[in-house]
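Student: Provide a 3D model corresponding to the input given below.
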Amino acid sequence: MNEIEQECIILNSAWEMINGMVNWAMFVKHDQTTPTSMMFETSQHRRLFIILLGDFLSQLRAFKGEAVPLGLKAAPSNARPSDLTFLYYLRQVCAKPHFAGDTQALGTHVEAFAAWLEGEFTAQGVNLGDIDVVADLRISRYRYLKTCGDIAKHNLARLSTNVRHIRSLIEASGHPITEQQAYLAVDNFFEWFHDDIFIYHSSQIAEFLNNIRWAIFDYLEPEFARSWHLTEKATELFPIYAYRFPEGCTEPVARAMYWDVMNRVRAKPWVHRFVVSDSFKQRY
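Tutor: Residues are numbered from 1 along each chain as shown. Alright, predicted model coming up:
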């Protein structure tokens, strides 16, 4: 895949992942723009959101020594935490865009979300009742969201890495525990961070993601205007349209992704632009 083909894949994939999280099936629909909040439809939607967010925040890796799929580059070994997420690929688009639009707004929103994810906070008085520990846990937002996403998605047998993270956090707070105790603490950790802190953060996370989606739309609007056209078979009743593929976009997967992302621009983002109230941005 060449660079313009990779950009088509990155932009369409990012938009598709955000669509899966920020939509009016996941959240209670409203028409407010500012200040507002986002409420999940049900607890099951909240759990699905954290699982999908965990995928968005996961690193693309080669499998058993093979190359990363579709020619995408792996993050360097010394990457910052936000480069271990899909934001890494959006940064590549912003650094070297291949379409005529302006990526400044996209870069601004990507970096805002990245800085927020990498920020740390202290959750005070975390009650880990199953191991009789109450602790003040210092953790980054990226790490607790990844951990909660994994716990929501996997059974205990597949959580060894997260158990090590939880054990390290508890021990850093001055409470040495065993590996067995760390496993016992998983449910308490999830209840405290997912059922409380994540609910508080979810409105702001939805705003970050929605801003990125709208910035991709704004960036691609000039390309859509260049590319969209009615075909020779178009009639007043059946306005059959097509897209003029950019030069160099020849691989079947890339062309399919280009067509899909142009259709997303044609339909516009599902959720209007909104700004979440500051009351959901001041803690943790």
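
Student: what ranges of the stretch 101-250 of the chain fall below the confidence cut-off?
Tutor: For the stretch 101-250 of the chain, applying pLDDT under 70 flags no range at all.

Student: What are the boundaries of the helices in it?
Tutor: With DSSP state H, counting those that start in this stretch, the ranges of helices along the stretch 101-250 of the chain come out as 104-118, 141-153, 160-172, 179-184, 186-192, 199-227.

Student: Need those helices in JSON lines (columns: distance to residue 234 and mean neighbour count).
Tutor: Every C-beta, even on glycine, is put in place using the N, C-alpha and C of the backbone. Below are the helices of the stretch 101-250 of the chain laid out as JSON lines (distance: least, Cβ to Cβ, whole Å; neighbours: other Cβ atoms under 10 Å):
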{"stretch": "helix 104-118", "distance to residue 234": "32", "mean neighbour count": "18"}
{"stretch": "helix 141-153", "distance to residue 234": "45", "mean neighbour count": "22"}
{"stretch": "helix 160-172", "distance to residue 234": "54", "mean neighbour count": "17"}
{"stretch": "helix 179-184", "distance to residue 234": "62", "mean neighbour count": "17"}
{"stretch": "helix 186-192", "distance to residue 234": "54", "mean neighbour count": "18"}
{"stretch": "helix 199-227", "distance to residue 234": "15", "mean neighbour count": "20"}
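
Student: closest one to residue 60 among the ones you listed?
Tutor: In terms of Cβ to Cβ, the element of the helices of the stretch 101-250 of the chain nearest to residue 60 is helix 141-153, at 14.5 Å.

Student: quick one, domains of this structure?
Tutor: Recorded structural domains for the chain (assignment: automatic domain parsing) are 3-116+215-275, 120-194.

Student: Nearest approach to residue 207 belongs to which of those?
Tutor: Of all these, it is domain 3-116+215-275 that lies closest to residue 207, at 6.6 Å by Cβ to Cβ.

Student: Switch the domains of the chain over to JSON lines; also include distance to residue 284.
Tutor: Converted to JSON lines, the domains of the chain look like this (distance: least, Cβ to Cβ, whole Å):
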{"stretch": "domain 3-116+215-275", "distance to residue 284": "11"}
{"stretch": "domain 120-194", "distance to residue 284": "4"}
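
Student: which stretch among those comes nearest residue 281?
Tutor: domain 3-116+215-275 (9.2 Å).

Student: returning to that earlier point: quick one, which of the domains of the chain is nearest to residue 201?
Tutor: Residue 201 lies closest to domain 120-194 among the domains of the chain, at 7.2 Å (Cβ to Cβ).

Student: Now do the end-to-end distance for that closest one.
Tutor: Criterion Cα to Cα, to the nearest Å; first-to-last residue distance in domain 120-194 is 16 Å.

Student: so can I have CSV of the helices of the stretch 101-250 of the chain showing distance to residue 236?
Tutor: CSV is the format used below for those (distance: least, Cβ to Cβ, whole Å):
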stretch, distance to residue 236
helix 104-118, 37
helix 141-153, 49
helix 160-172, 58
helix 179-184, 66
helix 186-192, 57
helix 199-227, 22
